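Undergrad: Pasting a predicted model and its sequence here:
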Amino acid sequence: MTKQFFNAVLFLIALISGSTNLIAQSSATSVTTTVNIILAEVISIDNGSIANDGVVNFNYFTASDYNSNKNLTIENSLVVTSSNNFDVKVKAEGENFISEAGTIPVGVLQVKAVSGGSMIGTLNDITLSTTEQILVGNANPGAQRTLNIDYSIPANKARTELLGKAPGTYTQRVKFTATAL
């Protein structure tokens, strides 16, 4: 009887204080939130790319230099991020390498995309000109895709286009463009 009396007093206290926690609830409530992921097409050549204001020097100091192929490989020369497949194009910004002493046609220089970086596509070897040419075709999309580039001057062009020119530094800018497909 004491137990029944105690339970009755507890029930009355709960009713007076307004608590309904003693009565079990049989249903649950829920809400939903919509989460959107909004994507835009993106293509970018990373400012940290070595080709960004980089310098490639070919030195011709000896007879042997003019009689041999010169090749300089620049690893991670370009770093591209793209949400779509893309091409990397290259061109000279002028028809000649220029110095105070004269000019050399840009066609002496070969530019070649080589394996070893993370950029996957059709890697091409081109003779530099003022016409935009595809260096890498249909490259796969991705973040920070790296490209290694070989710059070369064949011995036959060194003998015919460089030998006999006045000493000096001959300069031309080479432009790389990444274009989404």
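TA: Structure received. This one's a predicted model, so the numbers in the text were calculated from it and none came from an experiment.
Undergrad: Give me the spatial nearest neighbour of A101, chain neighbours excluded.
TA: Of all residues not flanking A101 in the chain, A166 sits nearest, at 3.4 Å (C-beta to C-beta, 6 or more residues apart in numbering). Every residue, glycine included, has its C-beta placed from N, CA and C.
Undergrad: right, and the one you found touches T103 too?
TA: No. Using C-beta atoms under 8 Å, A166 and T103 do not qualify as a contacting pair, with a distance of 10.4 Å.
Undergrad: Among the two, which residue is more densely surrounded?
TA: Legend: neighbour count by other C-beta atoms under 10 Å for A166 and T103, higher for T103 (14 against 9).
Undergrad: The more buried one contacts F97, doesn't it?
TA: Yes. With the criterion set as C-beta under 8 Å, T103 and F97 qualify as a contacting pair; they are 6.6 Å apart.
Undergrad: Show me the common contact partners of these two, please.
TA: Common contacts of T103 and F97, defined by C-beta atoms under 8 Å, 6 or more residues apart in numbering, comprise Y170.
Undergrad: Strands of this protein, start to end?
TA: Listed in chain order, the strands found in the chain under DSSP state E are 43-45, 70-82, 86-92, 96-99, 102-105, 110-114, 122-123, 125-127, 133-139, 142-153, 174-180.
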